[in-house]
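Trainee: what's the 3D shape of this:
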Amino acid sequence: MRWLGRNRGAVTSNRQFLGERRWKEQERRTFRLKRRWQAKGTKSAKRHLRQLSGKPFRRRKDRDHVLSERIVENTLAEEADRFSCQWRSLLVWRVAVNRPIVPMRDKPQSFSQG
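Mentor: Residues are numbered from 1 along each chain as shown. A predicted model of the protein is given here:
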């Protein structure tokens, strides 16, 4: 995911910005380093590229996780304001009441091999 001019990851309906500005700069810096090492092509540059491989993906995965947590917290806080209670108690209530109970089987069904 490239940050196409976006400074923040998400914006709520009441104009609260979620995410951090430094995420975009980290993406830029990684891109520039990678471009420089690929152009150089030395043994050391290839070693650095191997060390860098997968790091942007892990960073993005973590950012998405942080962003989704912040969105949920923000939504729960807005609902708590509506009901005038603390959002953590609202979270416990939502998990206890709104989540369907799924029965578990005694043993998993086996597939016939034929």
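Trainee: same for the helix or strand encompassing Arg32, what does it pack against?
Mentor: Using DSSP states H and E, Arg32 sits within helix 22-40. Contact here means 3 or more Cβ pairs under 8 Å, 6 or more residues apart in numbering; DSSP states H and E; on that basis helix 22-40 packs against helix 43-52, helix 55-83. C-beta here means a position set from N, CA and C on the backbone, and glycine is covered the same way.
Trainee: buried stuff in it?
Mentor: Trp23, Lys24, Gln26, Glu27, Lys34, Trp37 (16 or more other Cβ atoms under 10 Å).
Trainee: For the helices and strands packed on helix 22-40, which has the smallest mean pLDDT value?
Mentor: For the helices and strands packed on helix 22-40, mean pLDDT drops lowest on helix 55-83, to a mean of 83.
Trainee: could you check the angle helix 22-40 makes with that one?
Mentor: Comparing the axes of helix 55-83 and helix 22-40 via axes from the mean of the first three to the mean of the last three Cα atoms, to 10 degrees yields an angle of 170 degrees.
Trainee: buried set for helix 55-83?
Mentor: Buried-residue list, helix 55-83, by 16+ other Cβ under 10 Å: Arg63, Leu67, Arg70, Asn74, Leu76, Ala80.
Trainee: so which two of these are the farthest from each other?
Mentor: Within those, Arg63 and Ala80 form the most distant pair, 25.4 Å apart (Cβ to Cβ).
Trainee: Include pLDDT when you put the buried residues of helix 22-40 into JSON lines, please.
Mentor: Listed next are these as JSON lines, based on pLDDT from 0 to 100:
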{"residue": "Trp23", "pLDDT": "87"}
{"residue": "Lys24", "pLDDT": "87"}
{"residue": "Gln26", "pLDDT": "90"}
{"residue": "Glu27", "pLDDT": "89"}
{"residue": "Lys34", "pLDDT": "95"}
{"residue": "Trp37", "pLDDT": "96"}
